[in-house]
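Student: fold the following for me, if possible:
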Amino acid sequence: MKETTVKLRYLKMAPRKVRLVAHSVKGLHTTEAEAQLMLRAKRATTPVIKLIRAGIASAREKGMNPNALVIKTFQVDQGPMLKRVLPAAMGRANTMQKKMSHLTLVLAEGKAILPPFNIVRKKPKTAKETVKPIKKTERTEKNKEKNKVVVEDKNTGIMKKIFRRKSV
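Tutor: Below you'll find the predicted structure:
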């Protein structure tokens, strides 16, 4: 069974956050993994998708079938840490740790599935696009409907006398 390994080093994201995304796609076909990552609302999904696509391209270079690729292992390790200081009250200083991650992805050939597909995220509509302007003719029709007075028969039964808005 053929395999290909792809690495992404020095990703400026905490490994704990990247592992949440990486573990969710372990063992899936690459097309399924891409589809799931497109629908997740995590910041770590973007570099993981890029890494999977780089792995597919690398496998294609090696002569492997890109439709039969499965994520065999996905390892997220701690990278170097940048240590920074944040001023605090009364002359103190708090330390900040800006963590980095090293990602290692191993793709292996499995059973072929359907060819890859493209998922395009639609941008949400802005407030201007969602509000539909009302035409003058529609306004006058709505005002006419509001001004209509409906006259009902007062002798409709005892329920009408019990459940009325105004007390007499």
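Student: skipping its backbone neighbours, what lies nearest residue 110 in space?
Tutor: Sequence neighbours aside, residue 70 is the residue nearest to residue 110 in space, at 3.8 Å (criterion: C-beta to C-beta, 6 or more residues apart in numbering). (Each C-beta comes from the backbone N, C-alpha and C, glycine too.)
Student: confirm the one you found sits in a helix?
Tutor: No - secondary structure of residue 70 (DSSP: H, G, I helix; E, B strand; the rest coil): strand, not part of a helix.
Student: residue 102 versus residue 22, what's the distance?
Tutor: 12 Å (C-beta to C-beta, to the nearest Å).
Student: do residue 58 as well
Tutor: For residue 58, the distance to residue 102 - C-beta to C-beta - is 17 Å.
Student: same check on residue 123?
Tutor: Per C-beta to C-beta, residue 123 is found 32 Å from residue 102.
Student: between these two, who's got more neighbours?
Tutor: residue 102 (17 against 6; other C-beta atoms under 10 Å).
Student: hey, what's that one bridged with?
Tutor: Residues in a beta bridge with residue 102, per DSSP bridges, are residue 77.
Student: buried set for stretch 13-24?
Tutor: Residues of stretch 13-24 classed as buried by neighbour count (16 or more other C-beta atoms under 10 Å): 13-15, 18-19, 21-22, 24.
Student: no wait, stretch 48-58
Tutor: Buried residues in stretch 48-58, defined by neighbour count with 16+ other C-beta under 10 Å: 48-49, 51-52, 55-56.
Student: ok, now stretch 55-70?
Tutor: For stretch 55-70, burial by neighbour count (16+ other C-beta under 10 Å) applies to 55-56, 59, 64, 66-70.
Student: now those as a markdown table including pLDDT?
Tutor: Shown next, in a markdown table, are these (pLDDT from 0 to 100):
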| residue | pLDDT |
| --- | --- |
| 55 | 96 |
| 56 | 95 |
| 59 | 95 |
| 64 | 92 |
| 66 | 90 |
| 67 | 89 |
| 68 | 91 |
| 69 | 93 |
| 70 | 95 |
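Student: nearest to residue 83, of those?
Tutor: residue 55 (32.4 Å; C-beta to C-beta).
Student: host element of the closest one?
Tutor: Of the helices and strands defined by DSSP states H and E, residue 55 is found in helix 45-61.
Student: give me the residues contacting that helix.
Tutor: With C-beta atoms under 8 Å, 6 or more residues apart in numbering as the test, helix 45-61 has contacts from 2, 4, 6, 8, 11, 13, 18, 21-22, 25, 30, 33-34, 37-38, 66, 69, 71, 103, 105, 107, 109, 116.
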